[in-house]
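Enquirer: coords please:
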Amino acid sequence: MITQNKSFIISNLNLFCSYNILSKLLDSFGLTIEHSKTEIFHFSRSQGAFNPPPLNLSIIGDPILRPQDSWRYLGFIFDCKLSFHKYIDYYANKALSMVKYMKLLGNSSQDISPLQKRLLYRYCTLPIALYGFQMWYYNKAPISYHMKILNKLQRRATICILGAFKTSPAEGIEAITGIIPIRFHLQKITRRSQIRPLKLPDNHILNQLMDDKPPCPNSTNFFNIGSLTNRQRSLTKGHLINSSIKSNGIVPSFSFLDPEFSPGHRIIDHFSNHFSFNLVNRKEKEIHKIHAQELNEMVLNNSSIPNTTLVITNASIKNNIATFISHIHSANHSLIKTVHHASFVTSSEAELFAIRCGINQACSLDNISKIIIVTDSIHAARKIFNNNSSPFQIHTITILKELRKFFIANDANTIEFWECPSKLK
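Expert: This is a model prediction of the structure:
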């Protein structure tokens, strides 16, 4: 039961009436309430003294419920002021205990290496300390106490990883350890979590709450952000509000429910023998020389074949301006040269867009049965057939649809990806 009012007396009266009605309804069904498990908790943002009165249920034969100082629910610890000080203390101490127990993982003759300690801290300890950080880390939230506790935790962790002196400067040992400051790590995971609701279906409850459109007269969604006035929006704080603001103007770059990623319908399920990757063998001593010979032989063998097209792609970023280039050759002739420019994109996205342009143009040519892609970013090419959700799916979906048409047109059609390192001349 939840009630909201500026007066504790009125709130208690509302709770008393609701509790009485609920007890009678359950009695009529032959059910009883375990009063020993019933709790009452008050939240308040007031700066003054906070001493809420108890809820007296003795009139209906139930005990007197006295408000608690903290409330635990699903691993979260709430306090009356919603400052989450006890919450951050609990999980920071839990994470610090794990840091101390790292020493027990070594044997009597040798301790675990600093690299192993760093991995344990990043992937096992830090997620515990930042569990549920969205509740207290948002725009204009008072987080000085939380950052103080987390900075102490990270300082002790980096000292334990390196075995450094306790007087070592925090910034220096963090740089040597390879761990970014905790404030930057929080900013990074916050940005990622703010765009995560965009991956959910449209009928998900989070997307309904983040709906920025005013509710229709016949709509049953009265609690979305669009129902708030401008003043209410300026006063309302929280992770959902920040996610709604960040998502404005963002074009969704992924579609997790697209049929191209459905098991049994994917390219790798039906045409796994139609594509291949030729990577650089980095175990060889003269890797560049050997791979250069392989590339030269491949070009010589395929350049004169009329039904084979060679696509060379590359991308570079300078001053936040990305340039994508794709060259298409067939039968010793340069057919198409495409140059695109974009701003504020990642290098992987630029490389993948260049590959997308080259594949789309190669598939549009007539009488082509084999496409060879030469790129210096083979990791971007492998994302095409990766079914995990990623911010590049808007490109991979387009490429997969083109390749599906290409493979269905003729069972002998194939595509090859060749890695050409940037250092190769």
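
Enquirer: Is T308 in contact with I372, as I believe?
Expert: Yes: counting by Cβ atoms under 8 Å, T308 touches I372, with 6.8 Å between them. In short, each C-beta sits where N, CA and C put it, glycine included.

Enquirer: shared neighbours, these two?
Expert: Common contacts of T308 and I372, defined by Cβ atoms under 8 Å, 6 or more residues apart in numbering, comprise N302.

Enquirer: Can you give me the domain boundaries for this structure?
Expert: Annotated domains of the chain cover 8-68, 83-194, 203-247, 259-419 [automatic domain parsing].

Enquirer: Centre of the chain to the second one, how far?
Expert: Averaged C-alpha coordinates place domain 83-194 at 19 Å from its chain's average position (Cα atoms, centre = their mean, to the nearest Å).

Enquirer: so for it, what's the average pLDDT?
Expert: In this model, domain 83-194 has a mean pLDDT of 88.

Enquirer: Look at it and report the distance between its end residues.
Expert: 21 Å (Cα to Cα, to the nearest Å).

Enquirer: returning to what we had before: export the domains of the chain as CSV, with columns for mean neighbour count.
Expert: Listed next are the domains of the chain as CSV, based on neighbours: other Cβ atoms under 10 Å:
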stretch, mean neighbour count
domain 8-68, 12
domain 83-194, 16
domain 203-247, 13
domain 259-419, 16
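
Enquirer: lowest-confidence stretch among these?
Expert: domain 203-247 (a mean of 72).

Enquirer: ok, which stretches of this protein are strands?
Expert: Ranges of strands in the chain, per DSSP state E, are 55-56, 64-65, 70-73, 76-79, 275-278, 308-318, 321-330, 333-343, 370-375, 414-419.

Enquirer: Among those strands, which comes closest to F184?
Expert: Closest approach to F184 among those (Cβ to Cβ): strand 308-318, 21.5 Å.

Enquirer: tilt between that closest one and strand 333-343?
Expert: 30 degrees (axes from the mean of the first three to the mean of the last three Cα atoms, to 10 degrees).

Enquirer: packing partners for the longest helix along the chain?
Expert: Secondary structure of the chain per DSSP state H: the longest helix is helix 8-28. Judged by 3 or more Cβ pairs under 8 Å, 6 or more residues apart in numbering; DSSP states H and E, helix 8-28 is in contact with strand 55-56.

Enquirer: what lines up beside the strand it packs on in the sheet?
Expert: Sheet pairing for strand 55-56, assigned by DSSP bridges, gives strand 64-65 (antiparallel).

Enquirer: Just the residues contacting the strand it pairs with, thanks.
Expert: Residues contacting strand 64-65 (Cβ under 8 Å, 6+ apart): T38, E39, I40, P54, L55, N56, L57, S58.

Enquirer: Which one of the residues you listed is nearest to H274?
Expert: Among the contacts of strand 64-65, and counting by Cβ to Cβ, the member closest to H274 is E39, at 61.9 Å.

Enquirer: ok, and the closest non-adjacent residue to the closest one?
Expert: Nearest residue to E39, sequence neighbours excluded (Cβ to Cβ, 6 or more residues apart in numbering): Q68, at 6.4 Å.

Enquirer: ok, the one you found - contacts?
Expert: Applying Cβ under 8 Å, 6+ apart, the residues contacting Q68 are E39, I40, F41.

Enquirer: Also D376?
Expert: N314, E351, E419, C420, P421, S422.

Enquirer: distance of I397 from A350?
Expert: 18 Å (Cβ to Cβ, to the nearest Å).
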